[in-house]
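1. coordinates only, no sequence provided:
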């Protein structure tokens with residue numbers, strides 16, 4: 001391990017997952033450096049409610065985002081938690097993060113309710129009326145998922161008890177493999193902010209927000225020569241296809257990707273690592289956005305997995321794990337999981353047979369009308 005790698009070993013991890021009412025946190029030290037990890041869409045400006053001065057640029061119109069679902073997991077005495085998910089084209093499967101419904105073992109929630117808001121108020125909490133609600137009947141968690149915070153297999157497909165109403169939009173998978181440098185749009189029901197990235201997430205979950213960012217790189221990018229495996233003390237095979245995106249405010253001092261790549265790992269400055277963001281539309285994920293989608297051209301390119309901070313010395317504007325400027329978001333790409341997703345989102349024969357009969361009946365009716 002090089003000196004540069006040792007210096008940034010104190011990475012603190014934030015599982016963007018189930019926005020716990022009381023965040024869980026752990027701390028420790030390695031090589032003389034202290035770190036903190038916590039399980040806890042924040043924009044450049046406020047993502048609060050309209051009445052609270054929230055910036056409407058982050059509101060999510062139903063015409064585009066009706067298929068982004070709220071997931072409420074009931075873990076009994078441990079409480080209820082919130083995640084986000086995406087409706088797949090079979091109208092009966094939800095793509096989400098494995099850590100929303102699994103700790104890496106066979107344990108699952110007692111129940112999971114899935115909600116799709118059908119109204120037009122951007123400030124409505126989605127599981128309030130009007131909405132469609134469904135129950136999860138099967139949890140397909142990627143068998144390679146370890147339960148670790150940073151794991152490229154943090155992905156799951158949930159089956160619902162009924163077909164989702166056809167008025168709700170579904171989403172196909174993005175066909176590209178390499179996401180490096182690509183712009184994306186992200187949506188989710190996680191924590192929000194009354195100010196923006198300068199203070200991070202300080203408002204509650206349950207209201208859908210969206211915004212933009214850019215994939216910086218994947219942890220197994222050849223430029224790093226395997227350094228991230230040492231930094232995060234995780235096997236290369238478990239993290240190499242995990243993608244990171246930083247939350248920029250336009251200032252080089254808070255450009256985390258550039259700071260880590262250049263000052264931390266000794267790579268030459270380049271546009272690949274050093275850019276100051278997408279302006280006012282740039283957002284970060286927060287607790288409760290876990291499992292939610294990133295979109296490229298309206299198709300799902302990845303799933304929200306975790307947050308990561310290296311502290312104020314490397315660009316975190318306040319040095320705390322709270323979805324503020326200068327932190328990383330981590331994503332699981334769908335490209336390495338297409339077979340898993342497709343295998344677990346197969347149309348259920350009975351449901352589609354009924355749909356086929358319905359179409360047949362319509363066709364027969366029209367034929368009779370023509371003959372009449």
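-> All right, it came through fine. Just so we're clear, the structure is a prediction, and the values are computed from it rather than from any experiment. Numbers count the residues shown, from 1 in each chain.

2. how much space between the residue nearest the centre of the chain and residue 223?
-> The centroid of the chain falls nearest to residue 304 when counting by Cα atoms, centre = their mean (1.8 Å). Separation of residue 304 from residue 223 (Cβ to Cβ, to the nearest Å): 24 Å. The way it works is simple: take the backbone N, C-alpha and C, and place the C-beta from them, glycine included.

3. repeat for residue 284
-> Distance from residue 284 to residue 223, by Cβ to Cβ: 24 Å.

4. who has more neighbours, the two?
-> Of the pair residue 284 and residue 223, residue 284 is the one with more neighbours under other Cβ atoms under 10 Å, namely 33 against 15.

5. residue 132 looks like it's in a strand, true?
-> Yes: the assignment for residue 132 (DSSP: H, G, I helix; E, B strand; the rest coil) places it in a strand.

6. counting neighbours, what do you get for it?
-> 16.

7. enumerate every residue touching it.
-> 115, 116, 118, 164, 165, 168 (Cβ atoms under 8 Å, 6 or more residues apart in numbering).

8. which residue sits closest to the fifth one in space, ignoring its chain neighbours?
-> Beyond its immediate neighbours in the sequence, the residue positioned closest to residue 165 (Cβ to Cβ, 6 or more residues apart in numbering) is residue 132, lying 5.3 Å away.

9. beta partners of the one you found?
-> Beta-bridge partners recorded for residue 132 (DSSP bridges): residue 116.

10. now do it against residue 86, distance only.
-> 15 Å.

11. buried ones in stretch 274-293?
-> 274-278, 280-293 (16 or more other Cβ atoms under 10 Å).

12. same question for stretch 86-97.
-> For stretch 86-97, burial by neighbour count (16+ other Cβ under 10 Å) applies to 86, 87, 88, 90, 91, 92, 93, 94, 95, 96, 97.

13. next one: stretch 321-332
-> By neighbour count on 16+ other Cβ under 10 Å, the buried set for stretch 321-332 is 321, 322, 323, 324, 325, 326, 327, 328, 329, 330, 331, 332.

14. I'd like those as a markdown table, with secondary structure and pLDDT appended.
-> Below are the buried residues of stretch 321-332 laid out as a markdown table (DSSP: H, G, I helix; E, B strand; the rest coil; pLDDT from 0 to 100):
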| residue | secondary structure | pLDDT |
| --- | --- | --- |
| 321 | coil | 77 |
| 322 | coil | 79 |
| 323 | coil | 76 |
| 324 | coil | 73 |
| 325 | coil | 85 |
| 326 | coil | 82 |
| 327 | coil | 88 |
| 328 | strand | 90 |
| 329 | strand | 91 |
| 330 | strand | 92 |
| 331 | strand | 95 |
| 332 | strand | 97 |
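
15. nearest to residue 104, of those?
-> Nearest to residue 104 among the buried residues of stretch 321-332, counting by Cβ to Cβ, is residue 332 at 14.4 Å.

16. could you look up the SS state of the closest residue to residue 219 other than its chain neighbours?
-> The shortest distance from residue 219 to any non-neighbouring residue, by Cβ to Cβ, 6+ apart, is to residue 228 (4.1 Å). Using three-state DSSP, the structure places residue 228 in helix.

17. contacting residues around residue 228?
-> If you count contacts by Cβ under 8 Å, 6+ apart, residue 228 has them with 219, 220, 234, 236, 239.

18. how close does it sit to residue 62?
-> Distance of residue 228 to residue 62, given as Cβ to Cβ: 39 Å.

19. again with residue 240
-> Residue 240 is 37 Å from residue 62, where distance means Cβ to Cβ.
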